[in-house]
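Colleague: Have a look at this prediction, sequence included:
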Amino acid sequence: MVGVRNKLREVGLTMPSFLWLSFFFVVPTVIVLSIAFHAASPDGGIAPGFTLATWRSISNPNYPAIVWRTIWISALTTFFCVILSLPCAYAIARMTTKWRAAVAGLIMLPFWTSFIVRVFAWRTLLNPEGFLQGLLSSIGIIDQSVSLNYNSGAILVVSVYSFLPFAIMPIYAAAEKFDFSLLEAARDLGARSFFAFRKIFLPGVRRGVISAVLMVFIPAIGSYVIPDLVGGTDSELIGNKIYQRTFPDRNLPHASALAGLTAVAVLLPLGCVAWWMKRQDEREAKRLAEATSRRISGGAA
Amino acid sequence: MKDDFLVFDHVTKRFGALTAVNDVSLTVNRGEFFSLLGPSGCGKTTLLRMLGGFERPDSGRIYLEGKDITDLPPNRRRVHTVFQNYALFPTMTIWDNIAFSLKLAHMDGKEIEEKVEEILEMIQMSDQAWKYPSQLSGGQKQRVAIARALVDRPQVLLLDEPLAALDLKLRQHMLLELDTIHDQVGITFLYVTHDQGEAMSLSDRIAVINRGKIEQLDGPAKIYEAPASRFVASFIGDTNFISGEIVSVEGDYCFIKTDGFAQIKAFNDKNLATGQRVGLSVRPEKIRVTLSPPPPEKGAAINVFPSTVKDIVYQGVYTKYWLDANGVRISALKPHSRFLLDQEAITWNDKVFVWWHPDDGYMVEEDDV
């Protein structure tokens, strides 16, 4: 009886979110993917009938290059965001409560301004006539002829800027729960501070780092505003292509197929990482089990 | 002084307006079990952290085996700490926790294995080596923390209230264990605690600290029996502290006139002169409480005061009496013998006699206020 009651309660509690996700996530995804199996009608709609022509057309060698560039830039963005966030989160977590709230507020402050306006601001900053170009070339770091704007580098810089808070926040949340006396213990036992940071702090905020990677990598893969505004013609990302197929070209099947491709591009590397981490855990468990059994048999002898 | 094993030389540390450690000098001998005892916020932990390298003194130097270590970072001192919350690395096994300092010293694998096995044996946790800290009980974590700090044989082991997080039974057990470990390894232990019981039962010497200063530095018995100040007398155990003025001196003894109470005879070991204001500390267990007056042959030599019983607290090992002697509150402890046969049990509002030998009172000089 109790078992049935618990089961009912479990179903009752999970049903709303299950239904929500089914209707607003799974069903649209299936619809979007199914569109890719139709042809585009001349008026911008979807023609009836089943075809694989769209899928064949995205095997065009341009697309793998774009997908590759998208993954590469997203990975770099993620890497720099995490590298910059670690010391930042560490520093905030070590502040007094009053300062913590203030600094966390400052990090969230840019969100009060529209994302597009901020990217436009970067466009102005990176402009050949702009402030950065003038500053850097007057110091002599770059040549006047080098363009800061409209290339992959600009996409990377602006992406890191835009996604940085999404990396700082989860790492900070983990760092806040981190017991800093562990670092003192490590120093006490002979570790230099950087070693203690790497061996004790980093594993301690591992979960925060994983969240940060997901929070940055996934939106970076799908981003199209940043490459559209500060990227050049040779630095298009998959997001731009989907936009272009959807609106100017009005070719929905093609856009759907590219969206499917993007989903694979996100899930494949994440799946690999998840598999690798699971394998690490299993290995560790096996190592512990072996060591324990060795110890027990050794102790008996 | 610098030739001694461990020396704090006129060390001062301030935090903003607060002077946590105020011009402290002390010397610890090699192999000693030395305790820093005081109420929370007295500066004992700051002293420990300065020795560990986590705080730098504003003035003064710290010497360890003749070497000035004041400015060395924690990782360059062979001084390890057992933290109050243990601070075991949660992502590492017990084995890796203990091996941490050995690996940092680039010891070779075989030697690390031997040393870790040896110390695991000592704390009787060889079969737990592959567990993680979260899988251990409080007492086990404590033992691992001690093993981790001892495994590479530091010059000094610092213990920061190591038993505070354990329950009473476990604490008593760990006290014995700490004592045994100290005897086994022969390393100097510097122990910080606010618990006078812990300090008394473990230490060779105790520094009683109050408001950043050392009030008394002595062996446990000396600190209990001959407290140097009113603070020490009342912080270490229970005491009756009676203020008064010496009115006459007779040989080795003197008479103290107390406000509203009576004249008390006390042993004048410091040869104080008439007119000196003093505080007299009489421990409750040294005071006798009886319904009938003490035998007359003792009468002249001892202090006897008629009193009224105000409160009785039965505590198993003994009974505590709160008495009113001429308006002065006195506490006394009475151990039990033949408790159930005692026909004349003392009860509330009984008129009783309170008496103690003059040698059982200890005088502390007090300044005129």
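Modeller: That came through, no problem.
Colleague: For the chain, which helix extends over the most residues?
Modeller: All of this refers to chain A. In chain A, taking DSSP state H as the definition, the longest helix is helix A:252-300.
Colleague: hm, I was asking about chain B
Modeller: helix B:168-185.
Colleague: Just the mean pLDDT for it, thanks.
Modeller: For helix B:168-185, the mean per-residue pLDDT is 90.
Colleague: so where's chain A shaky on pLDDT?
Modeller: For chain A, the stretches flagged by pLDDT under 70 are A:1-2, A:294-301.
Colleague: Contact residues of it facing chain B?
Modeller: Residues of chain A that fall close to chain B, judged by Cβ under 8 Å from any Cβ of the partner chain: A:179, A:181-182, A:184-192, A:195, A:200, A:203-204, A:206, A:288, A:291-292, A:295-296, A:299. (Glycine included, C-beta is placed from N, CA and C.)
Colleague: Report the buried members of those.
Modeller: A:179, A:181-182, A:184-191, A:200, A:204, A:288, A:295 (16 or more other Cβ atoms under 10 Å in any protein chain shown).
Colleague: Any idea what residue B:35 is bridged to?
Modeller: residue B:191, residue B:206 (DSSP bridges).
Colleague: how close does it get to chain A?
Modeller: Distance of residue B:35 to chain A, computed by Cβ to the nearest Cβ, to the nearest Å: 20 Å.
Colleague: could you list every residue that touches that residue?
Modeller: Listed by Cβ atoms under 8 Å, 6 or more residues apart in numbering or on different chains, the contact partners of residue B:35 are B:190, B:191, B:192, B:193, B:198, B:199, B:202, B:203, B:205, B:206, B:207.
Colleague: which of those residues tops the neighbour count?
Modeller: Counting neighbours by other Cβ atoms under 10 Å in any protein chain shown, the top entry in those is residue B:206, with 28 neighbours.
Colleague: Not counting residues beside it along the chain, what's closest to residue 175?
Modeller: By default, I'm working from chain A. Nearest non-adjacent residue to residue A:175, counting by Cβ to Cβ, 6 or more residues apart in numbering or on different chains: residue A:93, 3.8 Å away.
Colleague: Oops, wrong one, chain B.
Modeller: Residue B:175 sits nearest to residue B:201 (Cβ to Cβ, 6+ apart), 5.9 Å away.
Colleague: pLDDT value on that neighbour, please?
Modeller: 91.
Colleague: check contacts around it.
Modeller: Taking Cβ under 8 Å, 6+ apart as the criterion, residue B:201 is in contact with B:175, B:179, B:220.
Colleague: secondary structure element for it?
Modeller: helix B:196-202 (DSSP states H and E).
Colleague: From residue A:151, how far off is residue A:221?
Modeller: Residue A:221 sits 19 Å away from residue A:151, going by Cβ to Cβ, to the nearest Å.
Colleague: Pick out whichever of those two has more residues nearby.
Modeller: Taking neighbours as other Cβ under 10 Å, residue A:221 and residue A:151 compare with residue A:221 leading, 23 against 17.
Colleague: Wasn't that one part of a helix?
Modeller: Yes: secondary structure of residue A:221 (DSSP: H, G, I helix; E, B strand; the rest coil): part of a helix.
Colleague: Residue A:269 versus that one, what's the distance?
Modeller: Residue A:221 is 9 Å from residue A:269, by Cβ to Cβ.
Colleague: Give me the next element, helix or strand, following whichever strand or helix holds residue A:8.
Modeller: Secondary structure assignment for residue A:8, by DSSP H and E: helix A:2-21. Note on helix A:2-21: by DSSP H and E, the next helix or strand toward the C-terminus is helix A:27-35.
Colleague: buried stuff in the helix or strand just after that next one?
Modeller: The helix or strand immediately downstream of helix A:27-35 is helix A:53-57, counting by DSSP H and E. Across helix A:53-57, burial judged by 16+ other Cβ under 10 Å covers residue A:54.
Colleague: now swap in stretch A:135-142 and tell me
Modeller: Across stretch A:135-142, burial judged by 16+ other Cβ under 10 Å covers residue A:137.
Colleague: who's in contact with it?
Modeller: Contacts for stretch A:135-142 (Cβ under 8 Å, 6+ apart): A:133, A:143, A:144, A:146, A:148.
Colleague: remind me which residues of the stretch 1-150 of chain B are low pLDDT?
Modeller: Ranges of the stretch 1-150 of chain B meeting pLDDT under 70: B:1-2.
Colleague: what residues does it put near chain A?
Modeller: B:52-54, B:73-75, B:79-81, B:83, B:85, B:87-91, B:93, B:95, B:100-101, B:104-105, B:126-127, B:129-130, B:148-149.
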